[in-house]
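>>> dropping the sequence and predicted coords here.
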Amino acid sequence: MEFKQKIIRLLKKHTFLGEDEISRAIEIPRLPELGDFAFPCFVLAKKLKKSPSIIAEELAKRIKPKPPISDVKAQGPYLNFFIDKNKLAEQVIKEVIRCGACYGSLPLKHKKVMVEYPAPNTNKPLHLGHVRNMLLGNAICNILAFAGYEVIPVDLVNDRGVHICKSMLAYKKWGGGEEPDKKPDHFVGDYYVLYNRKVEEHPELEQEVQDMLRKWEAGDKEVIALWKKMRGWALKGFKQTYALFGVHHKKVYYESEIYQHGKEIVLEGLRKGLFYKNEEGAIMVDLEKDGLGKKVLLRKDGTGIYITQDLYLAKKKFDDFKMDKSVYIVGNEQKYHFQVLFRVLEMLGFPYAKQCYHLAYGMIYLPEGRMKSREGKIVDADDIVEEMKRVAEDEIKKRHTLDYKELEKRKEIIGMGALKFFILKYDPMKDFTYNPEESISFEGETGPYVQYAHARICSILRKEKKFNPEKVKKLEYKHPTEFKLIKLLADFSKTVSDAAENYKPSFVARYSLELAQAFNEFYHECPVLKADNNKVRDSRLALIFCVKTVLRNALDLLGIEAPEEM
RNA sequence: GGACCAGUAGCCUAGUCUGGAUGCGUUCAGAGCCAGAAAGGGCGUCGGCCUUCUAAGCCGAAGAUCGGGGGUUCGAAUCCCUCCUGGUCCA
């Protein structure tokens, strides 16, 4: 980055453009032979009314290269800068070695960000959609922390409402007081599916559910006891699944504790004249001019709806943690809801309204269509982990004979790596179809591909015990694949910052692929241990040591382990 | 009825916010004129590479009207308009 700054300063002297404008225009040429940085002269062409190639020529004549810039050339409409590659290499390599696990991290921002995820319902186990949510949440927390933010992960448990009563009713009717004979959240989920099957033939069950909900809200002892029992089972199951995925929260909010709140906020808004009562007496907000229509905020009977409690929760969160930003990781089908929520918070004059962000992610479909919890047509979060591990085990057995302990360890690392990477490599916004047969792959753009590059480097470094990264002195690189790697290493913090700003872990996943790809090219073309001479050998050892460090840092951000052997 | 998101090879995906990659003729050079330049990966397919640091790898080949049409521009996958298809949400 220092190099770019130098080029910007040079250009500033010779053009009438500001630093920002220059910085935005500067590109990295498609082909490395063209130069290391390029300034396209089209911007100037319009203003000077001259052909960009002529401007480039003129600038090339006027700008005298100074170290570390070794040459400035006009090539077509581009002014291309060449930098002393070995100087760049040395700077980058030393920086990576010095920073280690922190390489790529950004300075502290002294700002707090809350991230809410994955917000499960206590009537059914977590499924593939939650898996995407958890993985995105984990990765975003890691990336934000690496980008210098203080991160507060929280959860919102949806533990009340009609849907919860459905599994409760089914258990009451047909459960026979049994204790779970399987993972407890799965046990609860089975009754949810059972209810939905039974209600097809017995529509009167719907009325019973409503009655049960009313009793629950009235504090009926029997219903509350049942609720506590089943909620406890669900939460116990979630805890296990969270552990499997490495999800930790600083605080958990429960809907059962907040669902009656928010009324005061709405009434306050009504007093201020922000909202109005419709003919039936419900409190409404008119968001027509925002293109969001009219929304009910409080029912005519004075009871709240989702948005009512969400207004309260938003406020409570800020009161609890005084954070600067609040990110909600929720599927994109709720986009409208959050637009309304944030707009209403803004109308109410809450200063943090503008700092709320809904990270909407796309749905995952099955080959046969949408997942349906009600019918039990889902891919269960725990099952998919087992499936991935099983396939990983097969792949490992194809290549190695390992003892039990080592096999268990590797199938966990590789299977989870494949699953996490598979989901995180997609842009969060995109919907995609999960096809069990086709999706579980260990070749090509996958987690194991990146892990494999890491393991290969470890394998080389294991064979060279004398190498000490602290003692790296003179470095020398000649091969294009070496410079390609160095450039990528230099770009890592830019990737981190882009990923943090846009909430896109996929940027980090893509980056790790590029780095692994570049390493594999290098690996096939440049011998390390059998390099021509000691200087080249040491330089390459230092280089792959750095690649290893950065691969690992990138995988860490995605919550994927970097194995030393595969 | 309204809103949002997506559409890139047989399949999947990056790039889209912030539009650009080395042309031809003439000329000593410049001006002028004519033009508008190469869309990355992966899977799958075909062909090569393990007496050489782990072949979960590498190299090569074939494969793309960037959903259709129009517009803006010297230049559009990218910006604007419109239509089509799929998805989601609101009423």
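Noted; the coordinates are in hand.
>>> who in the stretch 301-450 of chain A is up against RNA strand B?
By C-beta under 7 Å from any atom of the strand, the residues of the stretch 301-450 of chain A that approach RNA strand B are A:332-337, A:362-363, A:370, A:392, A:395-396, A:399, A:410, A:414, A:425-427, A:429-433, A:438, A:441-445, A:448-449. C-beta: built from backbone N, CA, C; applies to glycine.
>>> which members of these are classed as buried?
Using 16 or more other C-beta atoms under 10 Å as the burial test, those include A:332, A:337, A:362-363, A:392, A:395-396, A:410, A:414, A:425-426, A:441-442, A:448-449 as buried.
>>> and the two most separated of the residues you listed?
The widest separation within these, taken as C-beta to C-beta, falls between A:337 and A:396 and amounts to 44.5 Å.
>>> got the phi and psi for residue A:532?
phi -60, psi -40 (degrees, to the nearest 10).
>>> against residue A:464, how distant is it?
16 Å (C-beta to C-beta, to the nearest Å).
>>> out of these two, which sits in the more crowded spot?
The neighbour comparison of residue A:532 against residue A:464 (other C-beta atoms under 10 Å) goes to residue A:464, with 14 against 8.
>>> that older thread, now, which of the residues of the stretch 301-450 of chain A next to RNA strand B lie within strands?
Mapping those onto strands (DSSP state E) picks out A:432-433.
>>> hang on, the earlier thing: ok, of the buried ones among the residues of the stretch 301-450 of chain A next to RNA strand B, which one's closest to residue A:87?
Taking C-beta to C-beta as the measure, residue A:449 is the one of these closest to residue A:87, at 32.0 Å.
>>> and the pLDDT at the closest one?
Looking at residue A:449, its pLDDT stands at 96.
>>> in space, what's closest to it - neighbours in sequence excluded?
If you skip the residues right next to it in sequence, residue A:449 has residue A:516 as its closest partner in space, 5.9 Å away by C-beta to C-beta, 6 or more residues apart in numbering.
>>> I'd like the distance between the one you found and residue A:417.
From residue A:516 to residue A:417 the distance is 12 Å (C-beta to C-beta).
>>> the two: who's more crowded?
Ranked by neighbour count (other C-beta under 10 Å), residue A:516 and residue A:417 place residue A:417 first, with 28 against 24.
>>> which helix or strand contains the more buried one?
Using DSSP states H and E, residue A:417 maps to helix A:404-424.
>>> so, low pLDDT: which residues of chain A?
A:1-5, A:8, A:12, A:15-34, A:42-53, A:66-68, A:75-77 (pLDDT under 70).
>>> pick out the residue in the stretch 351-500 of chain A sitting closest to RNA strand B.
Distance from RNA strand B to each residue of the stretch 351-500 of chain A (C-beta to the nearest atom of the strand) is smallest for residue A:444, at 2.5 Å.
>>> in contact with residue A:328, which residues?
A:116-117, A:338, A:356-359 (C-beta atoms under 8 Å, 6 or more residues apart in numbering).
>>> out of those, which are buried?
Counted by 16+ other C-beta under 10 Å, those give A:116-117, A:338, A:356-359 as buried.
>>> quick one: which of the residues you listed sit in helices?
Per DSSP state H, helices hold the following members of the buried ones among the contacts of residue A:328: residue A:338.
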